[in-house]
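Peer 1: Return atomic coordinates for the entry below.
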Amino acid sequence: MKPLLFVTDTWSSLDHPRDTSLRLIEEFWKAGQSVYWCEPSDILYLNDHCFVQAAQVVFVKQTRSIADFQMSSKKKIPVTKFNTIFYRVDPPVDEYYLSHYGLLYLGGGKLQPPPKAAWIGYEKLNFDSALLVPRSCATSSPKLLKKYFAGTSSKKTVSKPLNGAQSKGVILYESGMPQHSNSSRPSVHLYQEFLPSGENGETRLWFAAGKLVSWAKKKPPAGEWKFNLDNGQGSKVIATKLTLKQKQAATQISRRLRRDQILLAAVDLIGSKIIDFNVTSPGLLVEIEGLGFKNLSRKIVQILIKNASK
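Peer 2: Numbering: from 1, shown residues only. Coordinates of the predicted model:
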C-alpha cells in the first residue's frame, strides 16, 4: 500500500499520550505501513499541484510522549503520492479547517473524511431517520424558530452552533424560546429537544470502515449535562453495555458510514437517539482502550489496511 499521511494540529499543541491520531500512527508504524505526518501550515498549492512538507515516522515508543516519536526530516511530497490523507485537524469546521482541506482536495488528495462529510453541517445534521434523532430544527431565522417552537411540547431546548465543537457555545434553555442573534448575517444554530437521560451521560460508538469496534459511556460531572474531558471538571469515560435499541441504531449508522465511505467515526447517543456524528477528528480512543478494549487501535488499523486492499 502507498504511504499514508496524517494532518493534525500543530505538533506542540497535541496531547501526545492521549491523542487518537498519534495512537493510530503508532499502530500503522508497528504494522510496517509507511506513514507520514504534517500540520496545516505544511500544505502548499503551487501551479495546480498540491504538496506537503511531511515527515516520515521512523520510530514510536509505546509511552508516546512528545520525545517518543522519531521523525525524518520533512520533505516535499505531492499529495497524490499518498494512499489516504487522514485530515484530523480538530474542529470547528471553520475557514481555517476548510481552506487547508480545500488545498488538499483541489490537489487531488484522497481525503478522510471525504469531501461530502467535510462541510459545516454534516456532523450535526447527518441523520437518516427522524426515529434516530431528537426533535430538531436548524435555522438562522427567528421567525422560523418561533414556528418550530409553536409545534413542540418540549420544555427544555438545547442550542448548538452548527460549526461548534467540544460543547463550546452549547446552551440549555429551561423554558421559553431561545434567544437569537439580531445580526444582519446571523449564524445557523441547531435546536433540539433536551433529552433528560443525557444527564446520565452519552454513549459513544466507535466505527472503522463502517464496522462497530467499541463503545463507552461519556459521563458528565454530577449535576451537569455537558461532557468535556479536557476542562478538568470531573467528566469521565466509563465502561457500558449497549441496549438492543442502541445496537439497532448502530446497524443503521454503519450503513450510512459505508454509503458515505467514511473510514473513522465516533457517534454519540443519548439513549438510542443520535446527538452527534463525529467524523472530522473522532477521539477518546486511548481512554476507551483503557476500559478493556485491548489493542483497539491495532484492530482499527487492521480493518483499514484490509479495506484499502479491496
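Peer 1: what's downstream of the longest strand anywhere in the chain, the next helix or strand?
Peer 2: Assignment by DSSP state E gives strand 49-60 as the longest strand of the chain. Where DSSP states H and E defines the elements, the next helix or strand beyond strand 49-60 is strand 69-71.
Peer 1: Direction included, what does the following helix or strand past that next one pair against?
Peer 2: Downstream of strand 69-71, the first helix or strand assigned by DSSP H and E is strand 75-78. Strand 75-78 sits in its sheet next to strand 49-60 (antiparallel), going by DSSP bridges.
Peer 1: avg pLDDT for the longest strand of the chain?
Peer 2: Strand 49-60 shows an average pLDDT of 98 in the prediction.
Peer 1: what's the answer for stretch 145-154, then?
Peer 2: What stretch 145-154 shows for mean pLDDT is 66.
Peer 1: next one: stretch 212-231
Peer 2: Here stretch 212-231 scores 77 as its mean pLDDT.
Peer 1: Now do the strands in the stretch 51-200 of the chain.
Peer 2: 69-71, 75-78, 84-87, 111-112, 136-139, 157-161, 171-173, 189-193 (DSSP state E, counting those that start in this stretch).
Peer 1: Name the surrounding residues that touch the shortest one.
Peer 2: Spelled out, that is strand 111-112. For strand 111-112, the surrounding residues in contact (C-beta atoms under 8 Å, 6 or more residues apart in numbering) are 84-87, 101, 104-105, 118, 262-264. For every residue, glycine as well, the C-beta is placed using N, CA and C.
Peer 1: same check, this time on the second one
Peer 2: By C-beta under 8 Å, 6+ apart, the list of residues contacting strand 75-78 from outside reads 36, 44, 49-55, 107.
Peer 1: Try it again at 10 Å.
Peer 2: 3, 5, 36, 38, 42, 44, 46, 49-56, 107-109 (C-beta atoms under 10 Å, 6 or more residues apart in numbering).
Peer 1: Would you mind listing the buried residues in it?
Peer 2: For strand 75-78, a neighbour-count test (16 or more other C-beta atoms under 10 Å) marks I77 as buried.
Peer 1: same deal with stretch 49-64?
Peer 2: Using 16+ other C-beta under 10 Å as the test for burial, stretch 49-64 gives 50-52, 54-57, 60, 64.
Peer 1: With stretch 32-41 instead?
Peer 2: Here stretch 32-41 shows 33, 35-40 as buried, counting by 16+ other C-beta under 10 Å.
Peer 1: Same list (those) but as a markdown table, adding distance to L269 and secondary structure.
Peer 2: Shown next, in a markdown table, are those (distance: C-beta to C-beta, whole Å; DSSP: H, G, I helix; E, B strand; the rest coil):
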| residue | distance to L269 | secondary structure |
| --- | --- | --- |
| Q33 | 32 | coil |
| V35 | 32 | strand |
| Y36 | 34 | strand |
| W37 | 32 | strand |
| C38 | 34 | strand |
| E39 | 32 | coil |
| P40 | 31 | helix |
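Peer 1: Show me which pair in the residues you listed is furthest apart.
Peer 2: Q33 and P40 (22.8 Å; C-beta to C-beta).
Peer 1: In the chain, where is pLDDT below threshold?
Peer 2: Across the chain, residues meeting the criterion (pLDDT under 70) sit at 120-131, 149-155, 163-167, 175-183, 197-199, 222-234.
Peer 1: Domain ranges for it, per the record?
Peer 2: Following automatic domain parsing, one gets these domains for the chain: 4-117, 135-194, 198-294.
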